[in-house]
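Participant: Show me how the following folds:
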Amino acid sequence: MKVEQIYTGCLAHGAYYIESKGEAAIIDPLRDYTAYVEKAEKEGVNIKYILETHFHADFVSGHLDLARATGAPIVFGPTADPQFDAHIAKDGEELKLGDVTIVVLHTPGHTMESTTFLLRDEKGNDHAIFSGDTLFIGDVGRPDLAVKTDLSREDLAGHLYDSLREKIMPLDDEVIIYPGHGAGSACGKNLSEDRWDTIGNQKKLNYALREGMSKEDFVKEVTDGLMAPPQYFPKNAMMNKMGYDSIDTAFEKGLQEMDANEFESAANEYEALVLDTRHPQVFAKGHIPNSINIGLDGDFAPWVGALITDLKQPLLILADDQREEEAVTRLARVGYDNAIGYLEGGFKSWKQSGKECDSIESISPNQFAHIYEEGKTKVVDLRKPGEYESEHIQGAKNIPLDFINSEMDKFTGGEKTYIHCAGGYRSMIAASILKARGLNHIVDITGGFDQLKETPIAKTEYVCPSTLV
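Facilitator: Here you go, the predicted structure:
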């Protein structure tokens, strides 16, 4: 028996490969399915099952393309109603894989179809669970992402409480938990950096599994402090339920090479958004007017999903170092299949064509420290509320990047406004969006709060916990 976690950092997502005696199962595959096919071919095994723990909201699964490529059935748990061929397993149903067995455990709560897969080894001993978004390391799945249900998040949290205590916690303490996500995922509130653990250890460390916890307390704690989910979550969940075009189609459209003139014409003809995926400070020094910067060397796909509200928006890609295919792949993972081409030669070719360029005003933390005056300097902190509440600059207003589209009026007025995040990635996304909307009084602080704390500001009362504000 072989179990392998295939982890994708950008989405904080864990897919799983289980192999026994020439047969394999893939759990919660990403959309770029060919990696799983190639792995099975390399190992000389046949993919027998494609197991889906639920209708994922934070990414588009690769279940349909993988099924087409391998002939393996897609397996969901009870109550799932996908609009394509799939095996809807019964609670307690056993799936044979070589010499091992996978048991279907219906664990509703995160969503009503949510299912945990229990792996029993060759001797019939419980070895591991693949918990999807039901149970994470240090947390549990948020109960407010179900697709088209009449149940409230409190109702779902109540189901989650029962699932954990009736299906998962009675298992042996030595059973390994392999979750669907790790730290950084928006599918939970405070996921651990650890990517697996045992049930026994999580009973000691995970607040949601503590002994003697009432259902009422569980519901209150699980639902408390939930930020609104990213806008693309329900759209991805519906794609996973209803079906979608092959990722190969997205590649065919998105990997069309264009020179500067063709690129400019396409932007105008299709009202396409130019998505610049370069490093934030490279973008700041020079970019195509009205383009948006979301760098590939960061949480690219989740921020695209959070900020570009239309999955069908035509996109033109500008990337460095022949990374166009990576960009198309990561867009498709969250349902953005309408990239229509990329700029051959990158920004260099745009400049050489003599076309108009733009830039973002950006200053260092030390420069900012010398001009900052509390009450006079307008500062916007783009970090999440928890980051801001931990520590921030006196007088800084917190507008999380997640909500910048709905908070645009907070940046108008023409007053010079200094923006920062933690390290500079999110603030350049915001700066590019604001610049594209015609707001030219925005100044980015490079290095963000992490570097601001190393300046003279940190030696004054200007950096403080929010409780002191």
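Participant: CA atoms for contacts and neighbours, from now on please.
Facilitator: Fine.
Participant: what sits against Gly423?
Facilitator: By C-alpha atoms under 8 Å, 6 or more residues apart in numbering, the contact set of Gly423 is 446-451.
Participant: and those residues, which are buried?
Facilitator: The neighbour count (16 or more other C-alpha atoms under 10 Å) marks 446-449, 451 as buried among these.
Participant: And the helix or strand in which Val274 is found, what does it pack against?
Facilitator: Using DSSP states H and E, the element containing Val274 is strand 273-276. Where contact means 3 or more C-alpha pairs under 8 Å, 6 or more residues apart in numbering; DSSP states H and E, strand 273-276 is packed against strand 292-293, strand 315-318.
Participant: Is the closest residue to Val3 other than its chain neighbours in a helix, a strand, or coil?
Facilitator: Distances taken as C-alpha to C-alpha, 6 or more residues apart in numbering put Ile18 closest to Val3, at 4.6 Å, once the chain neighbours are dropped. Here Ile18 is recorded as strand under DSSP: H, G, I helix; E, B strand; the rest coil.
Participant: What distance do you get for Ile18 to Leu118?
Facilitator: Distance, Ile18 to Leu118, by C-alpha to C-alpha, to the nearest Å: 12 Å.
Participant: re earlier: contacting residues around the residue nearest to Val3?
Facilitator: Counting by C-alpha under 8 Å, 6+ apart, Ile18 touches 1-4, 24-26.
Participant: rerun at 6 Å
Facilitator: The neighbours of Ile18, taking C-alpha atoms under 6 Å, 6 or more residues apart in numbering as the test, are 2-3, 24-25.
Participant: In those residues, find the pair that's most separated.
Facilitator: Using C-alpha to C-alpha, the contacts of Ile18 span at most 10.5 Å, a distance reached by Lys2 and Ala25.
Participant: Show me which of those two is the more surrounded one.
Facilitator: Remark: of Lys2 and Ala25, Ala25 carries more neighbours, 22 against 9, as counted by other C-alpha atoms under 10 Å.
Participant: if I pick the residue nearest to Gly182 when sequence neighbours are not counted, what's in contact with it?
Facilitator: Nearest residue to Gly182, sequence neighbours excluded (C-alpha to C-alpha, 6+ apart): Ala12, at 5.2 Å. Taking C-alpha under 6 Å, 6+ apart, we find Ala12 in contact with 181-182, 184-185.
Participant: Just say helix, strand or coil for Leu434.
Facilitator: Here Leu434 is helix, with the state taken from three-state DSSP.
Participant: what number of residues lie near it?
Facilitator: By the measure other C-alpha under 10 Å, the count of residues near Leu434 is 21.
Participant: With Asp91 instead?
Facilitator: Neighbour count for Asp91, taken as other C-alpha under 10 Å: 16.
Participant: Could you do Asp32 as well?
Facilitator: Residues lying near Asp32 (other C-alpha under 10 Å) number 20.
Participant: again, but for Ala40
Facilitator: Counted with other C-alpha under 10 Å, residues neighbouring Ala40 total 20.
Participant: what's the spacing between it and Ser349?
Facilitator: 41 Å.
Participant: Show the pLDDT at the residue nearest to Ser359 when sequence neighbours are not counted.
Facilitator: The shortest distance from Ser359 to any non-neighbouring residue, by C-alpha to C-alpha, 6+ apart, is to Gly286 (4.8 Å). pLDDT, Gly286: 98.
Participant: The one 10 residues further on now?
Facilitator: pLDDT, Leu296: 97.
Participant: which phi and psi does it have?
Facilitator: Backbone geometry at Leu296, expressed as degrees, to the nearest 10, gives phi -70, psi -30.
Participant: do Lys253 as well
Facilitator: Main-chain torsions, Lys253, degrees, to the nearest 10: phi -80, psi -50.
Participant: picking that back up, residues in contact with the strand holding Val274?
Facilitator: Residues outside strand 273-276 that contact it (C-alpha under 6 Å, 6+ apart) are 291-293, 315-318.
Participant: Give me the sheet partners of that strand and which way each runs.
Facilitator: If you go by DSSP bridges, strand 273-276 pairs up with strand 292-293 (parallel), strand 315-318 (parallel).
Participant: from the chain's centre, how far out does that strand sit?
Facilitator: Distance of strand 273-276 from the chain centroid (C-alpha atoms, centre = their mean, to the nearest Å) equals 20 Å.
Participant: average model confidence for that strand?
Facilitator: 98.
Participant: likewise stretch 180-191?
Facilitator: Stretch 180-191 shows a mean pLDDT of 92.
Participant: Same check on stretch 122-133?
Facilitator: pLDDT averaged over stretch 122-133 gives 98.
Participant: Let me have the contacts of Ala12 in CSV, extended by distance to Val175.
Facilitator: Converted to CSV, those look like this (distance: C-alpha to C-alpha, whole Å):
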residue, distance to Val175
His181, 18
Gly182, 18
Gly184, 25
Ser185, 24
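Participant: Just flag the most distant two among these.
Facilitator: Once C-alpha to C-alpha is applied, those give His181 and Gly184 as the farthest pair, at 8.3 Å.
Participant: Which one of those two is surrounded by more residues?
Facilitator: Neighbour totals were compared for His181 and Gly184, and His181 leads with 31 against 18 (other C-alpha under 10 Å).
Participant: shouldn't that one be in contact with Leu11?
Facilitator: No: counting by C-alpha atoms under 6 Å, His181 stays clear of Leu11, with 8.0 Å between them.
Participant: Break the protein into its domains for me.
Facilitator: Residue ranges for the domains of the chain, per automatic domain parsing: 2-235, 245-352, 362-468.
Participant: So Glu118 belongs to a helix, correct?
Facilitator: Quick fix: residue 118 is Leu, not Glu. No: under three-state DSSP, Leu118 falls outside any helix and is assigned strand.
Participant: what sits opposite it in the beta ladder?
Facilitator: Counting by DSSP bridges, Leu118 is bridged to Val103, Ile129.
Participant: Compute the distance between it and Leu95, please.
Facilitator: Separation of Leu118 from Leu95 (C-alpha to C-alpha): 10 Å.
Participant: try Met238
Facilitator: According to C-alpha to C-alpha, Met238 stands 27 Å off from Leu95.
Participant: again with Ala369
Facilitator: From Ala369 across to Leu95, the span is 62 Å (C-alpha to C-alpha).
Participant: what residue ranges in this protein score low on pLDDT?
Facilitator: Low-confidence segments of the chain (pLDDT under 70): 147-148, 459-462, 464-469.
Participant: Apply 80 and report the result again.
Facilitator: Low-confidence segments of the chain (pLDDT under 80): 146-149, 458-469.
Participant: Okay, and Met112 sits in which element?
Facilitator: Counting by DSSP H and E, there is no helix or strand that carries Met112.
Participant: meant to ask about Gly375, not that
Facilitator: Following DSSP H and E, one finds Gly375 outside all helices and strands.
Participant: Just give the nearest non-adjacent residue to it, would you?
Facilitator: In this structure, Gly375 finds its nearest non-sequential neighbour in Gly395, 6.2 Å apart by C-alpha to C-alpha, 6+ apart.
Participant: What distance do you get for the one you found to Arg383?
Facilitator: Applying C-alpha to C-alpha to Gly395 and Arg383 gives a distance of 15 Å.
Participant: Tell me which of the two has more neighbours.
Facilitator: Neighbour tally, Gly395 and Arg383, criterion other C-alpha under 10 Å: the higher count belongs to Arg383, 23 against 18.
Participant: check contacts around that one.
Facilitator: Applying C-alpha under 6 Å, 6+ apart to Arg383 gives the contacts 400, 421.
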